[in-house]
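S.K.: Predicted model and sequence below, questions to follow.
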Amino acid sequence: MKDSMTFEEQVEQIAEALLADFPGQKSKTEFRVLHYNGASVRFEGSAASPFDPVPIANTLRRLGDQFNADLERPAREVIEAEGRKFKENVETLSKTWTIQNPELEYEKAFLVVAVKLLRYIAKKAYGVAQPRLLTEAINATPEVRHYIERQGGWENLENRRGQNNP
């Protein structure tokens with residue numbers, strides 16, 4: 001990773017950037033506005049930091065938009081459990097999706113499902129969709145961290161977009 005930030009700190013900023021465009025987003029930190037792909041998105045950070053979570057969040061959103069599984073039941077479970085079942089549902093959906101699409105890497109499916117489920121929950125029950133859900137799920141799954149590191153860090157996730165697309 002090119003930045004002095006830890007992997008966990010980067011994941012936290014990416015999770016916050018993923019939820020920054022929802023009404024009522026509250027953050028402990030200051031966000032600045034960036035125009036990316038025609039949309040205005042607020043993100044945490046300073047101009048001095050080389051790590052920019054916004055393009056990474058946008059890549060993850062794009063990947064998530066390709067996931068067409070029914071999210072209603074898993075989202076309802078997560079909402080009812082106030083977020084406690086998030087990682088469990090992400091793992092289950094990811095495994096199901098990789099079985100149905102053998103060319104898809106589990107780690108990429110995990111990221112796609114986690115992002116899509118988090119954003120879906122934010123639409124249904126914003127108060128439950130906290131950045132910590134995504135942060136804890138990713139940080140507790142070493143395979144996903146190793147996948148990101150094999151890419152050369154979060155910044156290079158975009159570079160592999162065309163490979164193994166769902």
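M.R.: Everything's here; your move. Source: prediction; values computed, not measured.

S.K.: Just list the residues touching residue 146, thanks.
M.R.: The contact partners of residue 146, by Cβ atoms under 8 Å, 6 or more residues apart in numbering, come to residue 107. The way it works is simple: take the backbone N, C-alpha and C, and place the C-beta from them, glycine included.

S.K.: My error: substitute residue 100 in the last question.
M.R.: Listed by Cβ under 8 Å, 6+ apart, residue 100 has no contact partners.

S.K.: Wait, residue 134 touches residue 18, no?
M.R.: Yes - contact criterion Cβ atoms under 8 Å: residue 134 and residue 18 qualify, at 6.8 Å.

S.K.: what sits in contact with each of the two?
M.R.: Both residue 134 and residue 18 are contacted by 115, 118, under the criterion Cβ under 8 Å, 6+ apart.

S.K.: Now the helix with the most length in the chain: average pLDDT?
M.R.: The longest helix of the chain (DSSP state H) is helix 106-124. Across helix 106-124, the average pLDDT comes to 91.

S.K.: what does stretch 64-80 give?
M.R.: Mean pLDDT, stretch 64-80: 71.

S.K.: What sits closest to residue 8 if chain neighbours are left out?
M.R.: Leaving aside its sequence neighbours, residue 8 sits nearest to residue 139 (Cβ to Cβ, 6 or more residues apart in numbering; 5.4 Å).
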